[in-house]
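> I would like the atomic coordinates for the input below:
(chains A and B)
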Amino acid sequence: MSKCTRMVIAASALSLVALADAQQPIIYPAQGQSPQQQSMDEGQCYQWAKQTTGIDPVALAATPPQQQQASGGAVVGGVAKGAIAGNAGKGAGIGAVVGLMGGMRQSRTQAAEANQQAQSSRQQQLATYYRAQSACLQGRGYTVN
Amino acid sequence: MTISVRIGIAALGLGAACNSMAADFDGTKLLICAPVEAVDCTPGKPCEVGTPEQIGAPPFIRIDFGKKVVVGTQRNSPITSIEKNESQLLVQGTELGYGWAIAIDRQGGRMSATLTDREGVFVLFGECTSP
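Numbers count the residues shown, from 1 in each chain, chains lettered A, B, ... in the order given. Predicted coordinates:
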């Protein structure tokens, strides 16, 4: 596969990422670059930004953050021996009325926080990548917003 | 047998059944209550609705009025207050840092329960029966 073909494929992959990502900057060929030239430049800047930041937006888009789930069975098994109804480590057992509700609420909250952190980390990585890509494209005479 | 006699007998039977059912919920018999729907409400977020299993509610709540205790598989929760009126039984207590209240309809055994602590409120809906 020629270098040119690879660049075009990379640019196409990036445009797919852009469809799923509102952070993707808008690129204007300020010096009248042709669409083919723009594809080439975008592909080369993708490679450069990926190498510079160590972040591959295509790979990032292909692997969305894993959702943490506080599913019943798993949590019940883990919680029953220790942290029940907010009485972690006291060995209070499963409440006759309370059951495992306190412990499972805690698990659900922690899972939601973990999901939020993963999402935030992904956004930060993409922002870093796009900064590098923008710098590269601006250096080649494109206006990036 | 005339139709009116039949209707009369049926009405008597129905009345007896209703009385018998209502007697189950007079606050003297052991009740087993099964939560069917569970809700978890905390401030600033929409309440989460799920099955009792998803929310972590016990599958059965056994209320022993005689011993004034809710019997669990690992621990019991003492009943601190029982209030009866014509329409419901209201049972209250505390457990593991929660204040709980269970209201049971005296006619059909429908149950509504809340468990409250500083973080929020759990709500359970279900049915009770006398074993």
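> strands of chain A, start to end?
Ranges of strands in chain A, per DSSP state E, are A:27-28, A:143-144.
> chain B: which of those strands is closest?
Chain B lies closest to strand A:143-144 among the strands of chain A, at 38.0 Å (Cβ to the nearest Cβ). Where you see a C-beta, it was placed from the backbone N, CA and C, and this is true even at glycine.
> quick one: least confident helix or strand in chain A?
Sorting the helices and strands of chain A by mean pLDDT, DSSP states H and E puts helix A:72-79 at the bottom, at a mean of 37.
> okay if I get the strands of chain A as TSV plus mean pLDDT, distance to residue A:96 and mean neighbour count?
Output for these, formatted as TSV (pLDDT from 0 to 100; distance: least, Cβ to Cβ, whole Å; neighbours: other Cβ atoms under 10 Å in any protein chain shown):
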stretch	mean pLDDT	distance to residue A:96	mean neighbour count
strand A:27-28	96	64	16
strand A:143-144	94	63	16
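> make TSV out of these and add distance to chain B.
As requested, those are exported to TSV (distance: least, Cβ to the nearest Cβ, whole Å):
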stretch	distance to chain B
strand A:27-28	39
strand A:143-144	38
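> adding distance to residue B:95, write these out as CSV.
Below are the strands of chain A laid out as CSV (distance: least, Cβ to Cβ, whole Å):
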stretch, distance to residue B:95
strand A:27-28, 61
strand A:143-144, 60
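> get me the contact residues on chain B for chain A.
Proximity of chain B to chain A, by Cβ under 8 Å from any Cβ of the partner chain, involves residues B:38, B:40, B:42, B:48, B:52-58, B:61-62, B:69-77, B:93, B:95-98, B:100, B:102, B:113, B:115, B:117, B:119-120, B:122.
> among these, which are in strands?
Using DSSP E, the members of these that fall in strands are B:38, B:40, B:48, B:61-62, B:69-71, B:76-77, B:93, B:95, B:98, B:100, B:102, B:113, B:115, B:117, B:120, B:122.
> give me the buried subset of those.
Neighbour-count burial (16 or more other Cβ atoms under 10 Å in any protein chain shown) applied to those gives B:38, B:40, B:61-62, B:69-71, B:76-77, B:93, B:95, B:98, B:100, B:102, B:113, B:115, B:117, B:122.
> ok, residue 37 - contacts?
As the question left the chain open, I've gone with chain A. Going by Cβ atoms under 8 Å, 6 or more residues apart in numbering or on different chains, residue A:37 touches residue A:29.
> nope, chain B
B:49, B:51, B:52, B:124, B:125, B:126.
> cool, residue A:49 as well?
Shown in contact with residue A:49 (Cβ under 8 Å, 6+ apart): A:55, A:129, A:130, A:132, A:133, A:135, A:136.
> quick one: which of those has the most company?
residue A:133 (25 neighbours; other Cβ atoms under 10 Å in any protein chain shown).
> quick one: the residue most central in space within chain B from chain A, how far?
Residue closest to the average C-alpha location in chain B (Cα atoms, centre = their mean): residue B:111, at 3.4 Å. Distance of residue B:111 to chain A, given as Cβ to the nearest Cβ, to the nearest Å: 11 Å.
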